[in-house]
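1. Turn this into a structure:
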Amino acid sequence: MLISAPSTRAPRAAAVLASCLLLSPVAAAAETAAALPAGVEAMIRQAAADGDAATLDKTISLALAAFPDQTEPITALGDSLRQQRQTQALAAKKANGRRILSGWTGSGELGASLSTGNSDDKAVAVGLALTKETVDWRHRVIAAADYQRSEGRTNKQRYSAAYEPNYFINEALYAAGQFGWERDMFAGYRHRFTETVGLGYVLVDDGTIKLEVEGGPGARHTLYATTDTDPAFTEHEFVFRAAGAFSYRFSDDASFSQTAKTLIGAENRTLEATSALTTRINALFSAKISFTVRNESDPPDDRKATDTVSRATLVYSF
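-> Numbering: from 1, shown residues only. Below you'll find the predicted structure:
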């Protein structure tokens, strides 16, 4: 009876195949490194890891300008990294949609002043902005408070809050909702509630410039405060809301923003616009200066039509 020796061909073939599989990513990486100048690939990958889409695009543009003969490998690497970012962003949005309390980003801001001696003045400005994005939805929550007291008398006391749900029909067009509350005794009203629906459109969003507009019908309910000539009363009216938001990034550390909105009703028209310049101090904190103007076409008899607010605040991002 003959007993044949075990064949060594199968193990050897398996070992060779395993070695090829293990070394294939290394070979691909080596091929990319050989195709690109030393340090260029690392620079582009670092920009993708640390920055946003605009930072990555800028880094790729610089690499293409510096090495025009390497256009093909640089472009291929950039396309691959952009696809990775889009895949990761989509996965994050899907995860946010499954959890109500997670996935929120935003900022809080605080400004304050105190004067004593010949004048006794106190002022506080507080703001909060939250945003959550899922695959189809964008949720925004905005709140602000302004308080000022001078020589023992309160001369500014304004509070506001709003919730803005947006459902994206495609990448640019969305259904817009806005539910807001305001209280400003010095503007003449105790409470003001606004509910509007409509459509919005993202005109530009390239990482440096962002511009979107929205508009639609709604209703507003205002409880006016008692004045020297009129008792308190409530006004209900249908309104049309139009709004726009613009932002421009000068650099990774500085940006300008402009928002404007108007509510047009049969009895009153309200206009509000805010310009702001923000400079980043570090990864968490920024300095912000802003100017806001508000105008009411039909204020109470003893109130002025236009209010302005200038702020300097410290912003914490999270």
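
2. only C-alpha atoms for contact and neighbour calcs from this point on.
-> Fine.

3. now residue 148: how far from residue 302?
-> Taking C-alpha to C-alpha, to the nearest Å as the measure, residue 148 falls 20 Å from residue 302.

4. Compare the two (neighbour count), which wins?
-> residue 148 (18 against 12; other C-alpha atoms under 10 Å).

5. contacts for the helix or strand that contains the more buried one?
-> Taking DSSP states H and E as the criterion, residue 148 maps to strand 137-150. Residues lying outside strand 137-150 but in contact with it, judged by C-alpha atoms under 8 Å, 6 or more residues apart in numbering, are 119-133, 154-168.

6. ok, the helix or strand following that strand: who's next to it in the sheet?
-> Using DSSP H and E, the helix or strand that follows strand 137-150 towards the C-terminus is strand 153-168. In the sheet, strand 153-168 lines up against strand 137-150 (antiparallel), strand 173-184 (antiparallel) (DSSP bridges).

7. which of the residues in strand 153-168 are buried?
-> 156-168 (16 or more other C-alpha atoms under 10 Å).

8. Grab the CA positions of it and hand them over as PDB.
-> Backbone C-alpha positions of strand 153-168 (Å, rounded to 0.1, in the frame of the first residue of the first chain) are rendered in PDB as follows:
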ATOM      1  CA  ARG A 153     -34.600 102.400  34.800                       C
ATOM      2  CA  THR A 154     -34.900  99.500  32.300                       C
ATOM      3  CA  ASN A 155     -34.800 100.900  28.800                       C
ATOM      4  CA  LYS A 156     -34.500  97.700  26.700                       C
ATOM      5  CA  GLN A 157     -36.000  94.300  27.400                       C
ATOM      6  CA  ARG A 158     -36.500  92.100  24.300                       C
ATOM      7  CA  TYR A 159     -36.800  88.400  24.100                       C
ATOM      8  CA  SER A 160     -37.300  86.200  21.000                       C
ATOM      9  CA  ALA A 161     -37.300  82.500  20.000                       C
ATOM     10  CA  ALA A 162     -38.000  80.700  16.700                       C
ATOM     11  CA  TYR A 163     -38.100  77.200  15.300                       C
ATOM     12  CA  GLU A 164     -37.500  76.700  11.600                       C
ATOM     13  CA  PRO A 165     -38.000  73.200  10.100                       C
ATOM     14  CA  ASN A 166     -36.900  72.800   6.500                       C
ATOM     15  CA  TYR A 167     -37.700  69.700   4.300                       C
ATOM     16  CA  PHE A 168     -35.400  69.400   1.300                       C
END
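
9. next one: that strand to chain centre, how far?
-> Centroid separation for strand 153-168 versus its chain: 17 Å, with C-alpha atoms, centre = their mean, to the nearest Å.

10. repeat for stretch 104-114
-> Distance of stretch 104-114 from the chain centroid (C-alpha atoms, centre = their mean) equals 15 Å.

11. Kindly export that stretch (C-alpha atoms) in PDB.
-> Extracted in PDB, the C-alpha atoms of stretch 104-114 (Å, rounded to 0.1, in the frame of the first residue of the first chain):
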ATOM      1  CA  TRP A 104     -27.100  69.100  17.000                       C
ATOM      2  CA  THR A 105     -24.500  71.700  16.300                       C
ATOM      3  CA  GLY A 106     -24.500  75.400  17.100                       C
ATOM      4  CA  SER A 107     -23.200  78.400  19.000                       C
ATOM      5  CA  GLY A 108     -24.000  80.500  22.000                       C
ATOM      6  CA  GLU A 109     -23.000  84.100  22.400                       C
ATOM      7  CA  LEU A 110     -22.700  86.500  25.300                       C
ATOM      8  CA  GLY A 111     -22.000  90.200  25.600                       C
ATOM      9  CA  ALA A 112     -22.200  92.400  28.700                       C
ATOM     10  CA  SER A 113     -21.300  95.900  29.900                       C
ATOM     11  CA  LEU A 114     -21.300  97.600  33.200                       C
END
